[in-house]
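[1] Prediction below, plus the sequence it came from.
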Amino acid sequence: MLPPPLARRLKEAIGLHQRGEALQAERIYREVIAVDAGVADAWHMLAIAQADQGRFGEAAQAARSATELRPAIPQYWLTRGKIAAELREESDAQASLRRAAELEPRAAEAWFDLGQSYEREERLAEAADAYRAAAERNPRPAEIHYRLATALLRSGQAQAALESYQRAFERDPGFALDRAECFDFIRGLNFESLPAFWQSDMLGFLRRPDVDRSRHAPAALSVLLANPAFRAARDGAPQEVMHDQLFNFLLAEALVGNSVFEAMLTRLRRELLLDESARAGAPLEFLASLAQQCFINEFVYEQTEEESALVAALTVETETYLRGASTPGDPQLRAIAVLAMYRPLHELRNAQALAAAPGIPAAFAQLVRRAVTEVFEERGLRASIASLAPIRDPVSQQVRAQYEENPYPRWLSFARRPAVSCAQWLASDAPLAERAAVPADPAILVAGCGTGREALGLAAGIAGSRVTGIDLSLSSLAYARRMANARRIANVELLQADILDLDRMEAKFDLVYASGVLHHMAQPAAGLAALVRRTRPGGLVHAQLYSRRARAHINAARELVRARGLPPTPESIRSLRQEVLRAPPDSPLRGLLRSRDFFSTSECRDLLFHVQEHQFDLPQVVAMLEAAGLEVLGVSKSMERAALLAYRGLFPEDRARTDPLRWHAVEERHPSVFANMYAVWSRVPPA
């Protein structure tokens, strides 16, 4: 029993602590300990106060004193375990948390923290057991089921993981939990059936404005194909799916990159064009959604001569109607929506009359905004974008011409989370980021920024950043500027420029991103050297380049294009795509169906018809970076789960998993691990 004065003093300190005044509370805890070093509660609360201030080393000493004085108190062991976990002293953390769990068998928190410690050490079976124990003791928190699902998924227990994810997400109606890893897993699966929960949860998640819908569209398509109505629609019974909310949302908001759905939608589009009764019976929302999908994929679907003739007649009919500029009735709206499935509305004479028409339904209004209003807005923005110098390099001129015709990529959304510090951003992706001399408010150059997705992601995601995006194509830059304006991202400047002309700039940058641009230059090494000259000493260069091994199936198609002398026209692209879609299962061309880029005209042109492309292996990338005077830090940490598992299988002792030469060995055994591109971080040596 504490003497009353000490007890009152300790109570006073705890009150201060609860009000957030940890430093004042700490002084009183120390006073109590100075009077009586055997007051375990004072040591315990001192540990918590020091941990609250981020002083975990001191907190660990205080927590140890508390457990030594009163080893039968579970809360003391729990605090000691949490502090050890913050210090990544996993052995002490696990021993302390196990002791807490033994002393208070009904408590879930110690088991949950124990699971997290095991997971950090990749002891996944033990982590799953600990999370199960936590869930048995307290099944309500979504986070427990979520962590259990993650451990199960990473240890290869797919069905059990899916069931745990469902329990987690059922308890998370506000979508606080990140669904990305779960949905990345789902996108590669074929389900015989799924609970209806998954379709409603997927729709709710995709409706969030901060979600990258293109990333998760494949998962949504896998969920839809588990629905009996969609299996029936594959065989020609599409009526029920027209009313499906998730399907309509996907059609309007993301590229549907799936050959099964393409066949279904191509057939359905033809029916709606040819059969006016089918058109009249379809929901107008669905007609507008399918029209938006065709605008998104730039009318990449197969089109017969019969369809082309009907589209020409419908164009004349629509342009005649638009000259009258009256408010369209339901039949006109349906006809215009079907026409918009085959050609851009903005090309119609007097197309802007559609945007001015009052009282049209919301779904149709969105189609007009996307297919007419935004196109004219981009045209108006071109004049606002400055140019560094005329584009003179012959290859750069050809590349510019391609992207003026086909801006790449035509993205609609990206994952937008609250901005973090530059240090946090780099720690999440860049190996050995602590070696960089990058300020808290970095100047960032995005070379070959295209339509701006990466530039805007960096500007929105790194607090205090100042981003400059350069590209050859004014069409791409205008798209980027429209997207920046719509998302109110003001800390990004867009400039038309060739990388080869960057010596004309005075500015230097702390971070330089070159994602998918150097391999489209005549001499990638010359482009890299120009970027290095614009990087401050100690700054970072992030280079993404094509893998030769990962693009073997693409090269087969590119060789076909070259051998036949196919021009990069929409007609050639559609024709070649049909050949791929009809290729036998053992054809290397079938590998293209795994690529999202195959499913839109601009992206397919970039994939198969590009005017200039180099490919590499990782040792070549490392050699090029080192020849430019850069210190190679390693491969990006942002690798997909399957790739990380492959690395762990070969190099289990290497927890960093960023060594380029080890990744080269992994790629030799798993040729698709760099299907997206190599992403390698380097540093300019300090001055």
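    All right, it came through fine. Numbering: from 1, shown residues only.

[2] The helix or strand hosting E271 packs against which elements?
    Secondary structure from DSSP states H and E places E271 in helix 259-274. With contacts defined as 3 or more Cβ pairs under 8 Å, 6 or more residues apart in numbering; DSSP states H and E, helix 259-274 has these neighbours: helix 228-234, helix 276-281, helix 284-296, helix 305-324, helix 330-339, helix 570-581. Quick note: C-beta positions are derived from backbone N, CA and C, even for glycine.

[3] what mean pLDDT does the fourth one have?
    By that I understand helix 305-324. Averaged across helix 305-324, pLDDT comes to 93.

[4] now swap in the last one and tell me
    For helix 570-581, the per-residue pLDDT values average out at 96.

[5] next SSE after it?
    Using DSSP H and E, the next helix or strand after helix 570-581 towards the C-terminus is helix 601-608.

[6] so how far is the first residue of stretch 511-530 from its last?
    Length of stretch 511-530, first residue to last, Cα to Cα, to the nearest Å: 14 Å.

[7] start at 593 instead
    From this message on, residue numbering opens at 593, which makes the last subject stretch 1103-1122.

[8] How is the chain partitioned into domains?
    Using automatic domain parsing, the domain ranges for the chain come out as 596-763, 789-971, 995-1139+1207-1279, 1144-1200.

[9] In JSON lines, list the ones you listed along with distance to V987.
    As requested, the domains of the chain are exported to JSON lines (distance: least, Cβ to Cβ, whole Å):
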{"stretch": "domain 596-763", "distance to V987": "44"}
{"stretch": "domain 789-971", "distance to V987": "25"}
{"stretch": "domain 995-1139+1207-1279", "distance to V987": "4"}
{"stretch": "domain 1144-1200", "distance to V987": "15"}
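
[10] Where does pLDDT dip in the stretch 793-942 of the chain?
    Scanning the stretch 793-942 of the chain with the threshold set as pLDDT under 70 gives 829, 917.

[11] about what we covered before: quick one: closest of the helices and strands packed on helix 851-866 to P986.
    Closest to P986 of the helices and strands packed on helix 851-866, according to Cβ to Cβ: helix 1162-1173, at 23.1 Å.

[12] That closest one packs against which elements?
    When contacts are defined as 3+ Cβ pairs under 8 Å, 6+ apart, helix 1162-1173 sits against helix 851-866, helix 1144-1156, helix 1193-1200.

[13] which ones are touching A634?
    L602, Y621, V624, I625, D628 (Cβ atoms under 8 Å, 6 or more residues apart in numbering).

[14] for I977, same thing?
    L1066, L1069, A1070, R1073, L1086, L1087, Q1088.

[15] Can you tell me the number of residues neighbouring the first one?
    Which is L1066. 21 (other Cβ atoms under 10 Å).

[16] distance of the residue nearest to it when sequence neighbours are not counted from G766?
    Once flanking residues are discounted, L1066 sits nearest to R974: 5.0 Å by Cβ to Cβ, 6 or more residues apart in numbering. Using Cβ to Cβ, to the nearest Å, R974 is found at 41 Å from G766.

[17] Over to V1258?
    In terms of Cβ to Cβ, V1258 sits 38 Å off from G766.

[18] So what touches the helix holding E863?
    For helix 851-866, contacts defined as Cβ under 8 Å, 6+ apart pick out 813, 817, 825-826, 828, 830, 848, 870-871, 874, 879, 882, 885-886, 893-894, 896, 898-899, 902-903, 906, 930, 933-934, 1173, 1185, 1191.

[19] Same check on stretch 797-814?
    Stretch 797-814 is contacted from outside by 767, 771-772, 775-776, 778-783, 794-795, 838, 841-842, 845-850, 853, 1003-1009, 1188, using Cβ under 8 Å, 6+ apart.
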